[in-house]
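Q: I'd like to go over a predicted model; first the sequence, then the structure.
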Amino acid sequence: MSGRLFLPDNTVLVNFARIGRMDLLRLIAAGRSTWCYTVSQECEKSSRVSGLEQLAEAPGIFGDPLMLESRLELSDMRVFQAQLKKPGDGPAANLGEAESLSLIIHRKLDAVFITDDNGALRFAQAHGIQHVTTWDLFKTFVRVNRLDGDTAWSYVQVLGGDRRRYEELRSQDAFNAWLESPASLRFVS
């Protein structure tokens with residue numbers, strides 16, 4: 001994984017707070033990650049939700065958020081947001097993803113999206129941005145002996161990963177085989 005980890009949404013943060021393991025995010029992200037203003041604000045609001053109080057640690061991990069600074073960054077952010085919107089989405093839907101992409105493109109950042117949001121993953125792929133998921137991070141933590149496979153599997157179950165589109169997360173046997181493989185998750189759109 002090369003590049004700075006870039007949070008285009010709040011999903012992964014919420015996952016790590018739900019399992020009470022912001023320490024793991026700090027391990028991999030501190031000093032080599034960033035986020036945009038919109039995501040920092042989403043995180044701050046989410047930290048007030050019962051069970052997600054650990055999100056208050058995120059600014060110490062991800063630092064000061066990047067902010068849009070030029071008219072072109074702002075204009076492109078609006079275009080990207082419109083491309084991501086689905087019928088019925090509110091005015092703030094996909095704002096973090098769009099803001100992140102505008103920042104990455106205009107500032108030529110070497111970035112890796114860290115997200116579980118399928119829309120953000122598709123967007124990253126379409127724009128040639130590397131991406132990792134919560135599940136990929138669990139694999140990394142198992143590989144560096146910060147988690148054991150059984151604990152990682154229990155987190156997958158708590159977070160509903162076994163109900164997602166990834167075959168590697170459907171059963172503990174499939175998950176264990178994937179943990180031992182060199183491959184990342186295969187995102188299916």
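A: That came in fine, so what should we check first?
Q: check contacts around the residue nearest to the spatial centre of the chain.
A: Taking Cα atoms, centre = their mean, the centroid of the chain lies closest to T115, which sits 2.3 Å from it. With contact set as Cβ atoms under 8 Å, 6 or more residues apart in numbering, T115 has these partners: L7, P8, D9, T11, V12, E97, L121, A124, H131, T133. Placement of C-beta: from N, CA and C, glycine included.
Q: Just the ones of those in strands?
A: Judged by DSSP state E, the subset of those located in strands is L7, H131.
Q: now for the contacts of T115, which pair is the farthest apart?
A: E97 and T133 (14.6 Å; Cβ to Cβ).
Q: More neighbours: which of those two?
A: Shown here are E97 and T133; by other Cβ atoms under 10 Å, E97 has more neighbours (28 against 24).
Q: now the farthest one out in the chain, which residue is it?
A: Distance to centre of the chain, Cα atoms, centre = their mean, peaks at R71 (26.4 Å).
Q: so how far is M77 from it?
A: Distance of R71 to M77, given as Cβ to Cβ, to the nearest Å: 11 Å.
Q: Okay, and which of the contacts of T115 map to helices?
A: T11, V12, E97, L121, A124 (DSSP state H).
Q: can you dump the C-alpha coordinates of stretch 55-67 into CSV?
A: Taking Å, rounded to 0.1, in the frame of the first residue of the first chain, the C-alpha atoms of stretch 55-67 are listed here in CSV:
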residue,chain,number,x,y,z
LEU,A,55,-14.4,8.8,17.2
ALA,A,56,-13.3,11.7,19.2
GLU,A,57,-9.8,10.3,18.8
ALA,A,58,-9.9,10.7,15.0
PRO,A,59,-8.4,14.2,14.8
GLY,A,60,-5.4,13.0,16.7
ILE,A,61,-5.0,10.2,14.1
PHE,A,62,-5.8,12.0,10.9
GLY,A,63,-4.7,15.6,11.8
ASP,A,64,-6.1,18.8,10.4
PRO,A,65,-8.5,18.2,7.5
LEU,A,66,-7.7,19.4,4.0
MET,A,67,-10.0,22.1,2.8
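Q: Now do the buried residues in it.
A: Neighbour-count burial for stretch 55-67, counted by 16 or more other Cβ atoms under 10 Å, picks out L55, E57, A58, I61, F62, P65, L66.
Q: who's in contact with the worst-scoring helix or strand of the chain on mean pLDDT?
A: Here the helix or strand of the chain ranked lowest by mean pLDDT, DSSP states H and E is helix 118-126, holding a mean of 83. In this structure, residues lying in contact with helix 118-126 by Cβ under 8 Å, 6+ apart are 8-9, 11, 80, 83-84, 94, 97, 101, 113, 115, 129-131, 133, 165, 187, 189.
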